[in-house]
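Colleague: Return atomic coordinates for the entry below.
(chains A, B, C and D)
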2 protein chains.
Amino acid sequence: MIYSTELLKGTLKTIVLKLLADNKKMYGYEITQRVKELTLDKIQITEGALYPTLHALESDGLVTTETEFIGKRVRKYYSLSPSGKNKTKEKVSELADFMDTMKFLLDIKPKTA
Amino acid sequence: MIYSTELLKGTLKTIVLKLLADNKKMYGYEITQRVKELTLDKIQITEGALYPTLHALESDGLVTTETEFIGKRVRKYYSLSPSGKNKTKEKVSELADFMDTMKFLLDIKPKTA
DNA sequence: GTCAGATACATTAGATTCTTATGTATCTTT
DNA sequence: AAAGATACATAAGAATCTAATGTATCTGAC
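Modeller: Numbering: from 1, shown residues only, chains lettered A, B, ... in the order given. Sure, this is the predicted structure:
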């Protein structure tokens, strides 16, 4: 199963932040591959979604970047800033809370027969 | 806590379908109030989001409607069609699966120290 | 009896966030 | 030499929400 695309909406930023919190520094392509691998291909982050997200995180001051050259090819590493670490905790706990709420909502029993 | 709005995206249709599956028939305003009540105000469905969603479900043949008059005021009840019932099962199980995947993803441990 | 707040429908402009497509360039494997 | 993987990026369009606005009726408090 590959999830219908609208489910990912709103969770991408949190996923990226959490991965950076766990891995110190990562680059864009690596993030797409890691997510694909960890979710057994169920979640595939497209580059058109990822790069704008990374740029937004950077302009919000949540991540910092450093560029490396692998041969002649550029590789741009992203790391959490201090405020990014705080934001990650917020977003992860918000999402966890939201998922609990949703689980409850999807298990509710009838009120009217 | 009230969830940041982007989280709701993609889950609204599923919430509505599930409520209809559990309650046979409901009207729009009732749905907003029920969700608000069940989630202790954490999720508040706006009318601007709900009504277009209900109309879309209807034009997709997933729900049927019947109009009632309460005094002079119109009340429009929505009920699941047979295909709506199948769709509900699909969407609920997809969302449940997605949430499991997300929980795993948000709990992952570092790969690189 | 009137006025505020709740009930109940609906639409629209604008924001956000994604997909799909496209572009550029390098590296690796056959 | 060519195909596929690696690696960055942008842009047009679709989808889905918020916030604002509109209309109208009902109810309870003063």
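
Colleague: Is DNA strand D within reach of stretch A:21-28?
Modeller: Yes. Judged by C-beta under 7 Å from any atom of the strand, stretch A:21-28 comes into contact with DNA strand D at A:27-28. For the C-beta atoms, the positions are set from N, CA and C on the backbone; glycine is no exception.

Colleague: which bits of chain A sit near DNA strand D?
Modeller: Where chain A comes near DNA strand D, counting by C-beta under 7 Å from any atom of the strand, the residues are A:6, A:9, A:27-30, A:33, A:47-48, A:51-52, A:54-55, A:70, A:73-76.

Colleague: So which of these would count as near chain B as well?
Modeller: Residues of those in contact with chain B (C-beta under 8 Å from any C-beta of the partner chain): A:6, A:9.

Colleague: ok, and the closest non-adjacent residue to A:Asp41?
Modeller: Of all residues beyond its chain neighbours, the one nearest A:Asp41 is A:Ile2 (7.2 Å), with distances taken as C-beta to C-beta, 6 or more residues apart in numbering or on different chains.

Colleague: My guess is A:Lys42 contacts A:Leu8. True?
Modeller: No. In this structure, A:Lys42 sits apart from A:Leu8 without contact. The criterion is C-beta atoms under 8 Å, and the distance is 10.3 Å.

Colleague: For DNA strand C, see how far away A:Lys87 is.
Modeller: A:Lys87 sits 13 Å away from DNA strand C, taking C-beta to the nearest atom of the strand, to the nearest Å as the criterion.

Colleague: Please identify the helix or strand for that residue.
Modeller: For A:Lys87, the element it lies in under DSSP states H and E is helix A:82-107.

Colleague: Just give me the neighbour total for A:Thr64.
Modeller: Residue crowding around A:Thr64 was assessed by other C-beta atoms under 10 Å in any protein chain shown; the count is 14.

Colleague: Same question for the one 3 residues further on.
Modeller: Using other C-beta under 10 Å, A:Thr67 has 9 other residues around it.
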